[in-house]
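Participant: what follows is a predicted protein model with its sequence.
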Amino acid sequence: MPFPDRMFAALSARTRRLHDLLTKFSLSMGIGLSVLFFSLSTALHFTQRASLVEFFVATITIVPVSSLSRYATQDLVIKLQRNDYELLAGIFNGVFGNITELCFVLTAVTRRESVIAQTALTGALISSCLMVFGTCLFFGGIQHERQYYPITIARANAQLLVVSLVSISIPTAFKSWSEGGESGLLTVSRCSAIVLLVEFASYIWFFYYTHTLLDEDQIPDMKPALVASGLLQASLSTRVANGNQSLKKLRATAQEAILKNEVNEPKQSYTTYANISILMCSIPALVFASVYLLEAVHVPSEKLKLSESFVGLVTIPSILATVDHVAAVLRSQKEGIAWIIETAFGSSIRISLFVFPLAVIFGWALGVEIGMILDGFQVIVLGLTILGVNHVIHNGFAHWLEGTIFIASFLLFAIAAWFYPNQA
């Protein structure tokens, strides 16, 4: 076996063992670490408020607490889907799927830190599209030479991101070229937020109600095109079957992978009341941890001389998405492309079509001026990100090299944000 293959095989085996170990103790570890770090960050809130120590401890606190909320949300969604409550599962996942980002942003808006809320959401969207998706493709590609997915469904997911780009680009262009200055700009942002929320409701209705049974007869067969173009050998064409699954079949496949480990032993599941209790306890903890983090958010720039743009666009979004990053590494090898499509694109769509516009509407209700207005640097990076995702997702299959492309793109963005002088 060539050295790269041996290296990838060894990495794959270690990753699977780590996944099985973490799965076995995930909930107990999450509760223990959450209680420990939340208590410590609360103590620092009263003893060393707005200090560098409070910033680092608060960032660590968010990780285990968000893992608890993610665990409870995922378990509840699976229970709903297994009982054929597909629409209710979609609504629940849409609201609570990115509860960490939602709690942080709404807390920032309440504290009138609208710029931090905007940049954190922009960075979260870029991180989800590039880093999380790229990590999924890379580690999934190590295990599978090529991963085929339903191209029609994937395209619909990727194209929804274009709507969010349009909603951000229009107010930004309005601000840059309007002869009347910023007159009416906030109204444009608020109206755009309402449109995006309607579009998010349409997304839920489409993917979880009207088109859940979209079957392979309704999706154009891509095997002949792939074989004719030389991208797929005829002898391997049966592997494209994954590309013609319905949404419901995809989610069922992902559920089975979640509920069973490699030796087909059932994963420990908790009652609905237990999951609701975990979720209800983790949400206030996320809010308080966000308060502690926001208190000290400017300290790294003051004491460590970090760029405020880097903190807002890279550091905070990476912290909020830490659980997604870890899950991508540990699970993409085992659970396949169905889970990747659901996780990476679902998170991006929820951030762009639900969390961001909800923050604008929430600020409107509180009298806080927060709009969907970014500077040119952020709009260009976001536009290139969505363009890259749409280009790759139209292929119908993915491999690990495309994962490295997305990861490299995120690192280039992080380097630029490090030196970007704007105090975003």
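Facilitator: Right, received. Where do you want to start?
Participant: make it CA atoms for all contacts and neighbour counts henceforth
Facilitator: Will do.
Participant: contacts only, for the residue positioned nearest the centre of the chain.
Facilitator: Note on the chain: the residue nearest the mean C-alpha position is S347, at 3.5 Å, using CA atoms, centre = their mean. By CA atoms under 8 Å, 6 or more residues apart in numbering, S347 lies in contact with 97-98, 128.
Participant: by neighbours, which of those residues wins?
Facilitator: S128 (27 neighbours; other CA atoms under 10 Å).
Participant: can I assume that one is in contact with R350?
Facilitator: No: when contacts are counted by CA atoms under 8 Å, S128 is not listed as touching R350 (10.6 Å).
Participant: I393 and A50, how far apart?
Facilitator: Separation of I393 from A50 (CA to CA, to the nearest Å): 43 Å.
Participant: then G32?
Facilitator: Taking CA to CA, one finds G32 at 25 Å from A50.
Participant: what about the two, which has more around it?
Facilitator: Taking neighbours as other CA under 10 Å, G32 and A50 compare with A50 leading, 19 against 14.
Participant: how about that one, nearest residue that isn't a chain neighbour?
Facilitator: A296 (4.2 Å; CA to CA, 6 or more residues apart in numbering).
Participant: please apply the same query to I60.
Facilitator: Nearest one to I60, counting by CA to CA, 6+ apart, is F37 at 7.2 Å.
Participant: what about that neighbour, how many residues nearby?
Facilitator: 21.
Participant: got the contact list for it?
Facilitator: For F37, the contact set (CA under 8 Å, 6+ apart) comprises 57-58, 60-61.
Participant: keep only those of these that are in helices.
Facilitator: 57-58, 60-61 (DSSP state H).
Participant: quick one: which of the residues you listed is nearest L185?
Facilitator: Nearest to L185 among these is A58, at 34.7 Å by CA to CA.
Participant: and the closest one, how many neighbours?
Facilitator: Neighbours of A58 using other CA under 10 Å come to 28.
Participant: that one against F288, yeah?
Facilitator: No: contact between A58 and F288 fails when scored by CA under 8 Å: they sit 9.2 Å apart.
Participant: pLDDT weak spots in this structure?
Facilitator: Along the chain, the parts satisfying pLDDT under 70 run over 1-27, 149-150, 180-182, 212-269, 324-325, 327-344, 395-396, 422-424.
Participant: show me where it has strands.
Facilitator: When assigned using DSSP state E, the strands of the chain occupy the ranges 147-148, 397-398.
Participant: now those strands in TSV, with distance to S41 and mean neighbour count?
Facilitator: Output for those, formatted as TSV (distance: least, CA to CA, whole Å; neighbours: other CA atoms under 10 Å):
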stretch	distance to S41	mean neighbour count
strand 147-148	42	20
strand 397-398	42	20
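Participant: can you get me a residue count around L304?
Facilitator: 9.
Participant: quick check on it: phi, psi?
Facilitator: Backbone torsions of L304, given as degrees, to the nearest 10, read phi -100, psi 0.
Participant: so what's L294 up against?
Facilitator: A108.
Participant: ok, now how distant is it from F56?
Facilitator: In terms of CA to CA, L294 sits 11 Å off from F56.
Participant: ditto for G346
Facilitator: Distance from G346 to F56, by CA to CA: 29 Å.
Participant: try A117
Facilitator: Distance from A117 to F56, by CA to CA: 19 Å.
Participant: then L137?
Facilitator: L137 is 30 Å from F56, by CA to CA.
Participant: which one's more surrounded, the two?
Facilitator: Each of L137 and F56 had its neighbours counted (other CA under 10 Å), and the higher figure belongs to L137 (31 against 16).
Participant: wait, that one touches F406, no?
Facilitator: No: checked against CA under 8 Å, the pair L137 and F406 is beyond contact range at 9.0 Å.
Participant: ok, now which ones touch S290?
Facilitator: S290 neighbours (CA under 8 Å, 6+ apart): 58, 62, 103-104, 107-108.
Participant: buried subset of those residues as a PyMOL selection?
Facilitator: Burial among these is assessed by 16 or more other CA atoms under 10 Å; the matching PyMOL selection reads:
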select buried, resi 58+62+103+104+107+108
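Participant: which one of the contacts of S290 is nearest D84?
Facilitator: So of the contacts of S290, ranked by how close each gets to D84 (CA to CA), first place is C103, at 29.1 Å.
Participant: which residue packs closest to the closest one, ignoring adjacent ones?
Facilitator: Nearest non-adjacent residue to C103, counting by CA to CA, 6+ apart: V287, 5.6 Å away.
Participant: pretty sure F96 contacts A72?
Facilitator: No: proximity of F96 to A72 does not meet the contact threshold set by CA under 8 Å, at 9.7 Å.
Participant: ok, these two, which is more surrounded?
Facilitator: Neighbour count, other CA under 10 Å: between F96 and A72, A72 has more, with 26 against 21.
Participant: residues contacting the more buried one?
Facilitator: Counting by CA under 8 Å, 6+ apart, A72 has contacts 275-276, 278-279.
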